[in-house]
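*Asks:* just to be clear, the model below is a prediction. Sequence and coordinates:
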Amino acid sequence: MQYRQVIQSVFDSIRSALRVSITNRVVYTRTIKVPNLTTAGALDADDAAGDRFIIPNVPKSGIIVSAWLFDLAAQTVQVDLFFSGEEFTGGSDDAAWDVDDADLDKLSHITFTNADFRSHSDNSKAQVDNLGIGYEAPQGVLWCQLVARGTPTYVADSLSVRLAIAEDLP
């Protein structure tokens, strides 16, 4: 089954389960590289992996149905993607992730577990489907932060993220 067929199937399931009016349009974001990844030594568990970044040009309201994490360093470590349609205080690369109390209720997250990864000789890819995570992004931007839950050793520009979003009706 191709990705688009999987996404369409997820969309149909969400629409049926939620009984909400959403368009039949699934938007795929650009693949976004995570900025400023540490390249000297391993991260500690629960450290920010790279700096906060944005995913631009997302629907102002939608449901995230699938997410991909591309790992060119083949570390295959559990990673959480925290995101919000509102700006929040992000972490600094290789620093302990500590959510500001004022930002906690803004954030949603997607977890890429070790089991979600498929390893290859020098890279790996994680994919999670059937998410059904609704959001609002009045500016058409999602602010994001990756947090490593293990002790990976990444190289510069080695992590990227992509989302599939079912766009709400205007």
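*Replies:* Received, thanks. Since this is a predicted model, take the numbers as computed values, not measurements.
*Asks:* residue ranges with poor pLDDT in the chain?
*Replies:* 1, 3, 15-24, 170 (pLDDT under 70).
*Asks:* all strands for it, in order.
*Replies:* Using DSSP state E, the strands of the chain run over residues 22-28, 32-33, 47-48, 53-56, 61-71, 79-84, 108-112, 117-119, 124-128, 133-136, 141-148, 159-168.
*Asks:* turn these into JSON lines, including mean neighbour count.
*Replies:* C-beta here means a position set from N, CA and C on the backbone, and glycine is covered the same way. Conversion of those to JSON lines gives the following (neighbours: other Cβ atoms under 10 Å):
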{"stretch": "strand 22-28", "mean neighbour count": "15"}
{"stretch": "strand 32-33", "mean neighbour count": "16"}
{"stretch": "strand 47-48", "mean neighbour count": "24"}
{"stretch": "strand 53-56", "mean neighbour count": "17"}
{"stretch": "strand 61-71", "mean neighbour count": "22"}
{"stretch": "strand 79-84", "mean neighbour count": "23"}
{"stretch": "strand 108-112", "mean neighbour count": "17"}
{"stretch": "strand 117-119", "mean neighbour count": "15"}
{"stretch": "strand 124-128", "mean neighbour count": "19"}
{"stretch": "strand 133-136", "mean neighbour count": "16"}
{"stretch": "strand 141-148", "mean neighbour count": "23"}
{"stretch": "strand 159-168", "mean neighbour count": "22"}
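*Asks:* tell me which of those strands sits nearest to Asp98.
*Replies:* Each of the strands of the chain was scored for nearness to Asp98 using Cβ to Cβ, and the closest is strand 47-48 (9.2 Å).
*Asks:* helices or strands next to that closest one in the packing?
*Replies:* Strand 47-48 sits against strand 141-148, with contacts defined as 3 or more Cβ pairs under 8 Å, 6 or more residues apart in numbering; DSSP states H and E.
*Asks:* quick one: Ile7 from Ile32, how far?
*Replies:* 18 Å (Cβ to Cβ, to the nearest Å).
*Asks:* so which of the strands of the chain gets nearest Val99?
*Replies:* Val99 sits nearest to strand 79-84 of all these, at 7.6 Å, using Cβ to Cβ.
*Asks:* show me what Ala126 bridges to in the sheet.
*Replies:* Ala126 has these beta-bridge partners by DSSP bridges: Leu69, Phe117.
*Asks:* surely it touches Leu69?
*Replies:* Yes. Between Ala126 and Leu69 a contact is recorded at 4.3 Å, counting by Cβ atoms under 8 Å.
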